[in-house]
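> No sequence on hand, only this structure:
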Ligand SMILES: [Fe+2]
Ligand SMILES: [Fe+2]
Ligand SMILES: [Fe+2]
């Protein structure tokens, strides 16, 4: 039974899709994580063929900028593209990424690599027990891509972009960069035109190679690890805004709780949880100004807002091979009277799981504070849901089950959201305390 859930996902695709989300803030970052992953991996294979070493460096490279999803400030994002070697502020996104990943034993080693990926070679040499060596590989790969991509974005040709790179990297030999790693880059790759053509003239190449390597290295997760990974991505979606910081956790819990009254099997309950964590993944693509607008949205803004469920559908379809999860997650704004969005489905096209999700989503949202409204009590929220069910928009059977078990459902929702908010506050504290020297005094 349990093993089925694992087969629904293409785990490698899940990882690459999620890792690509950092680029949604800034299109010039598109493909950055994939190119960095490939460069890191190629350099690493000249050091060792140890599966664990390669897998850790690959996972770390894919997720190395994941911490940036926590920030909305443009400065943090632009820092990634600067030729900035190891001053304080640059370490913040790396440290947030570390904190997110380090919670999970199976991501612990990649977490350390992510944490140190802007540490220079001198820093590493002065304290080799403190900093991770594989992070030096990631640092070099990251700087190579930032340099070449910046040059390309400024209108230089590929030849011009790589032309000055050698000299530039050589200037950092032994101080910024490990001499051994520079030798590998120059001896095995730098002069080979195909190395650069692969990376910078073919958009899909790095992705194909990364997926191929993940398969070759047999990247797998147990069901429990998979659920935790999905939970982590739920956090990342929510943390984009303080108003929704614990929303997906609340929705996942409420939906699963409601589904248990409908005798969903253990496996279906797990699917419901996954769908709950990911139901708003499409919001990653919606501008924060719209998500957090205090007043009424204009028609145009609302139209854009509506697309979040469309994007949820598209993103999830790419790596989840299970219709239930995709539909339960993506149909949460469809209405039984056909007036929902974005597919305008009719009642007979909306499965029970999606109806439950719609109610769990509304119930959770109503009990949360938003820039345009105050938080409601659970009974006030229920009152609104009853009105909606009377209007033929929500399933009245589910709403009455919610009414009957309101206390228990609301309690479990609160507990789930409190747990998520601890992590959120912890990360906020780190951001607040992070001193400009970049030390981990927090
Ligand atoms: Fe990067
Ligand atoms: Fe939504
Ligand atoms: Fe939602």
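Good, I have the coordinates. In this text the structure is predicted, and so the values were computed from the model without any measurement. Numbers count the residues shown, from 1 in each chain. Ligands and ions are numbered 1, 2, ... in the order given.

> so who does the closest residue to residue 362 other than its chain neighbours touch?
The shortest distance from residue 362 to any residue other than its chain neighbours is 6.2 Å, reached at residue 385 (CB to CB, 6 or more residues apart in numbering). All C-beta spots, glycine's among them, are computed from the backbone N, C-alpha and C. Neighbour list for residue 385: 359, 362, 363, 366, 394, 399, 402 [criterion: CB atoms under 8 Å, 6 or more residues apart in numbering].

> Next step: those residues restricted to strands.
Assignment to strands by DSSP state E places none of the contacts of residue 385 there.

> Now name the helix or strand holding the residue nearest to residue 362.
Secondary-structure assignment from DSSP states H and E places residue 385 in helix 378-390.

> Show me where the stretch 201-350 of the chain has its strands.
Listed in chain order, the stretch 201-350 of the chain contains no strands at all (DSSP state E, counting those that start in this stretch).

> Sketch out the low-pLDDT regions of it for me.
Scanning the stretch 201-350 of the chain for pLDDT under 70 picks out nothing.

> And the residue of it that's closest to ligand 3?
As assessed by CB to the ion, ligand 3 sits closest to residue 280 within the stretch 201-350 of the chain, at 4.4 Å.

> Quick check: that residue vs residue 360, distance?
Using CB to CB, to the nearest Å, residue 280 is found at 12 Å from residue 360.

> can you pull the contacts of residue 219?
With contact set as CB under 8 Å, 6+ apart, residue 219 has these partners: 11, 12, 15, 55, 58, 59.

> Next, it: phi, psi?
Backbone torsions for residue 219, taken as degrees, to the nearest 10, come to phi -80, psi 110.

> Just want to check the distance between it and residue 328.
Using CB to CB, which is the criterion applied here, residue 219 is 26 Å from residue 328.

> Then residue 114?
The value you get for residue 114 to residue 328, if CB to CB is used, is 32 Å.

> Pick out whichever of these two has more residues nearby.
Comparing residue 114 with residue 328 by other CB atoms under 10 Å, the one with more neighbours is residue 114, at 32 against 29.

> Which of the helices or strands spans the more buried one?
helix 108-115.

> what mean pLDDT does that helix have?
Computed over helix 108-115, the mean pLDDT rounds to 96.

> Does that helix reach ligand 1?
No - applying CB under 5 Å from the ion, one finds that helix 108-115 is not in contact with ligand 1, the shortest distance being 10.0 Å.

> Quick check: which helices or strands does that helix pack against?
With contacts taken as 3 or more CB pairs under 8 Å, 6 or more residues apart in numbering; DSSP states H and E, helix 108-115 sits against helix 51-63, helix 91-101, helix 134-153.

> Need the winner for burial among those helices.
Ranked by mean neighbour count, the helices and strands packed on helix 108-115 are led by helix 91-101 with a mean of 24 (mean count of other CB atoms under 10 Å).

> Could you figure out how far that helix is turned away from helix 51-63?
120 degrees (axes from the mean of the first three to the mean of the last three CA atoms, to 10 degrees).

> how about residue 185, what does it touch?
For residue 185, the residues meeting the contact criterion (CB under 8 Å, 6+ apart) are 43, 140, 144, 169.

> Can you tell me which of the residues you listed is nearest ligand 3?
When the contacts of residue 185 are compared against ligand 3 (criterion: CB to the ion), the nearest one is residue 144, at 39.4 Å.

> How confident was the prediction at the closest one?
Model confidence at residue 144 (pLDDT) stands at 97.

> so who does it touch?
If you count contacts by CB under 8 Å, 6+ apart, residue 144 has them with 39, 165, 169, 185.

> Quick check: of those residues, which has the highest neighbour count?
Most crowded among the contacts of residue 144, counting by other CB under 10 Å, is residue 39 at 25 neighbours.

> Which parts of the stretch 251-400 of the chain are helices?
266-278, 288-291, 299-319, 323-330, 352-366, 378-390, 396-404 (DSSP state H, counting those that start in this stretch).

> Give me the buried positions along the shortest one.
Yep, that's helix 288-291 we're talking about. Taking 16 or more other CB atoms under 10 Å as the basis for neighbour counts, the residues of helix 288-291 that come out buried are 290, 291.

> is ligand 3 contacted by that helix?
No - on the criterion CB under 5 Å from the ion, helix 288-291 is out of touch with ligand 3, staying 11.0 Å away.

> Who are the packing partners of the helix or strand harbouring residue 17?
For residue 17, the host element (DSSP H and E) is helix 11-20. Where contact means 3+ CB pairs under 8 Å, 6+ apart, helix 11-20 is packed against helix 32-44, helix 51-63, helix 205-216, helix 223-238, helix 299-319.

> Give me whichever of the ones you listed is most buried.
Per-residue neighbour counts averaged over each of the helices and strands packed on helix 11-20 give the maximum for helix 32-44, namely a mean of 25 (mean count of other CB under 10 Å).

> what's the angle between it and helix 108-115?
Interaxial angle, helix 32-44 versus helix 108-115 (the same axes, to 10 degrees): 110 degrees.

> how about the closest residue to residue 253 other than its chain neighbours, what does it touch?
Here the nearest residue to residue 253 in space, its sequence neighbours aside, is residue 416; by CB to CB, 6+ apart that works out to 3.7 Å. Contacts for residue 416 (CB under 8 Å, 6+ apart) come out as 246, 249, 250, 252, 253.

> Repeat the analysis, applying 7 Å as the threshold.
Residue 416 is in contact with 249, 250, 253, counting by CB atoms under 7 Å, 6 or more residues apart in numbering.

> What number of neighbouring residues does the first one come out with?
Using other CB under 10 Å, residue 249 has 26 neighbouring residues.

> same deal with the last one?
The burial metric for residue 253, expressed as a neighbour count using other CB under 10 Å, is 25.

> Please identify the buried residues of the top helix by length along the chain?
Among the elements of type helix in the chain, defined by DSSP state H, the one spanning the most residues is helix 406-433. Buried positions in helix 406-433, judged by neighbour count with 16+ other CB under 10 Å: 409-410, 412-413, 416-417, 420-421, 423-424, 427, 430-431.
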